[in-house]
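>>> Pasting the sequence and the predicted coordinates here, then a few questions.
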Amino acid sequence: MKISVDNKIQNGYSLDLSKIIELSFETYKKTFLISGIAFIFLFIVTLILYVGYFGLLFGFSNFTDTITQIESNASNVTTQIANMLVGAVFSALVGPFFAGSIYVNHLSKTNKEFGLASIFDFYKGDKVKDILINQFIITLFVNVIAAF
């Protein structure tokens, strides 16, 4: 690794932090609005899904009773396993969104055309299965470690 970095420095690549920050900020300025709108959309969808999940799990009747029930079930092993699985599934479903966000930044950096739909390109691509499976496994593994 050190040899590779030394070769790049000798061949004209610089490790100037100010240049890296400047290029990163230019990319950020190009993608700010599109990424912001997409993240707001993701937040609204996530909020609706989680409210529905907790409503189905604990009921919509009384908010105080629901919070008390959540606190009493928090140490229950079945509840923890269910939350780990639901979290892993949700994370897997959001994985292509984050891949699309990285892709939009790449398109911006290479001065190619992009739009709001570019963030959702990985949901219809041929790599969606790989992203979903990998994100599910990684999140499940992290959740199991966090539970212990």
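Done, it's in.
>>> What about this structure, which residue is the most distant from its middle?
In the chain, counting by Cα atoms, centre = their mean, Gln10 sits farthest out from the average C-alpha position, at 36.9 Å.
>>> For Leu107, give me its contacts.
Contacts of Leu107 were listed using Cβ atoms under 8 Å, 6 or more residues apart in numbering, and they are Glu113, Phe114, Ser118. Glycine gets a C-beta too; all of them are placed from N, C-alpha and C.
>>> want to throw the residues you listed into CSV with secondary structure?
CSV is the format used below for the contacts of Leu107 (DSSP: H, G, I helix; E, B strand; the rest coil):
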residue, secondary structure
Glu113, coil
Phe114, coil
Ser118, helix
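>>> May I see the residues you listed organised as a markdown table, with pLDDT added?
Formatted as a markdown table, the contacts of Leu107 follow (pLDDT from 0 to 100):
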| residue | pLDDT |
| --- | --- |
| Glu113 | 91 |
| Phe114 | 89 |
| Ser118 | 89 |
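>>> Which strand or helix spans the residue positioned nearest the centre of the chain?
Nearest to the geometric centre of the chain sits Phe98, at 4.6 Å (Cα atoms, centre = their mean). With elements delineated by DSSP states H and E, Phe98 resides in helix 77-109, which encompasses its position.
>>> Following the chain past that helix, name the next helix or strand.
Following helix 77-109 toward the C-terminus (DSSP H and E): helix 128-147.
>>> So for that next one, what gets flagged as buried?
Residues of helix 128-147 classed as buried: Ile131, Leu132, Gln135, Phe136, Thr139, Leu140, Asn143 (neighbour count, 16 or more other Cβ atoms under 10 Å).
>>> Okay, now the unreliable bits of this protein?
For the chain, applying pLDDT under 70 flags the ranges 1-2, 9, 12-15, 58-64, 66-67, 69-74.
>>> Next, the angle helix 77-109 makes with the longest helix along the chain.
Looking across the chain with DSSP state H, the single longest helix is helix 17-58. Relative orientation of helix 17-58 and helix 77-109, computed by axes from the mean of the first three to the mean of the last three Cα atoms, to 10 degrees: 150 degrees.
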